[in-house]
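Q: Based on what follows, work out the 3D shape:
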Amino acid sequence: MVEHSVVPAVRAWPDVGRIELAFGEKPAAGLTRVAFTSAVRLDLVGDRLISVNVLHVPELLWDATGPVPSIVNDSGWLWITLGEGTRATRRWSGSAEAEFVLEGARLVSVSLETDGSYLR
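A: Numbering: from 1, shown residues only. Have a look, this model is predicted:
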């Protein structure tokens, strides 16, 4: 597992292609889980993830917000930047199984399952 100290907390398991973004503590109750498949784009510097673009989010997520000031949600496309002032040295595009967890409209976590090739 690779961990990066950024907000949100980012955890990655490159051997299985799993990425998790956690936006603070998970509440104990009242969560909505939304699972879907989407095209994604990951921007990296070395093996450090600096942004996540989920290109086809369901309408239920169009109003999702989060504690990170750099979440852009544009009617079907969600962009989460994980670092400021850093330009990507590498970009990966592919398909991912996504799971978004919300408390109301607040984004609690995002999990992505890719084929793992983003770190190759």
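Q: use CA for all of it now, contacts and neighbours both
A: OK.
Q: any residues touching the helix or strand hosting Phe36, and which ones?
A: Counting by DSSP states H and E, the element that carries Phe36 is strand 31-45. Under the criterion CA atoms under 8 Å, 6 or more residues apart in numbering, residues 49-58, 86-104, 118 lie in contact with strand 31-45.
Q: mind showing which ranges of the chain have poor pLDDT?
A: Applying pLDDT under 70 to the chain flags the ranges 1-7, 26-28, 67-71, 83-85, 118-120.
Q: now the farthest one out in it, which residue is it?
A: Residue farthest from the centre of the chain, counting by CA atoms, centre = their mean, is Ala29 at 21.7 Å.
Q: Check the gap between that one and Val72 for me.
A: Here the distance between Ala29 and Val72 works out to 26 Å (CA to CA, to the nearest Å).
Q: What strands flank the strand holding Phe36, and is each parallel or antiparallel?
A: Based on DSSP bridges, the pairing partners of strand 31-45 within the sheet are strand 48-54 (antiparallel), strand 90-103 (antiparallel).
Q: following the last one, which helix or strand shows up next?
A: Per DSSP H and E, strand 90-103 leads on to strand 106-113 as the next helix or strand towards the C-terminus.
Q: could you give the angle of that next one to strand 90-103?
A: On the basis of axes from the mean of the first three to the mean of the last three CA atoms, to 10 degrees, strand 106-113 is oriented at 130 degrees to strand 90-103.
Q: For strand 106-113, give me every contacting residue.
A: Counting by CA under 8 Å, 6+ apart, strand 106-113 makes contact with 16-26, 64-66, 96-102, all of which sit outside it.
Q: May I have it exported as PDB, CA atoms only?
A: Backbone C-alpha positions of strand 106-113 (Å, rounded to 0.1, in the frame of the first residue of the first chain) are rendered in PDB as follows:
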ATOM      1  CA  ARG A 106     -21.500  15.800   1.400                       C
ATOM      2  CA  LEU A 107     -18.900  13.500  -0.200                       C
ATOM      3  CA  VAL A 108     -17.500  11.100   2.500                       C
ATOM      4  CA  SER A 109     -15.300   8.800   0.400                       C
ATOM      5  CA  VAL A 110     -14.500   7.700  -3.200                       C
ATOM      6  CA  SER A 111     -13.100   4.300  -4.000                       C
ATOM      7  CA  LEU A 112     -11.900   3.400  -7.500                       C
ATOM      8  CA  GLU A 113     -10.900  -0.100  -8.800                       C
END
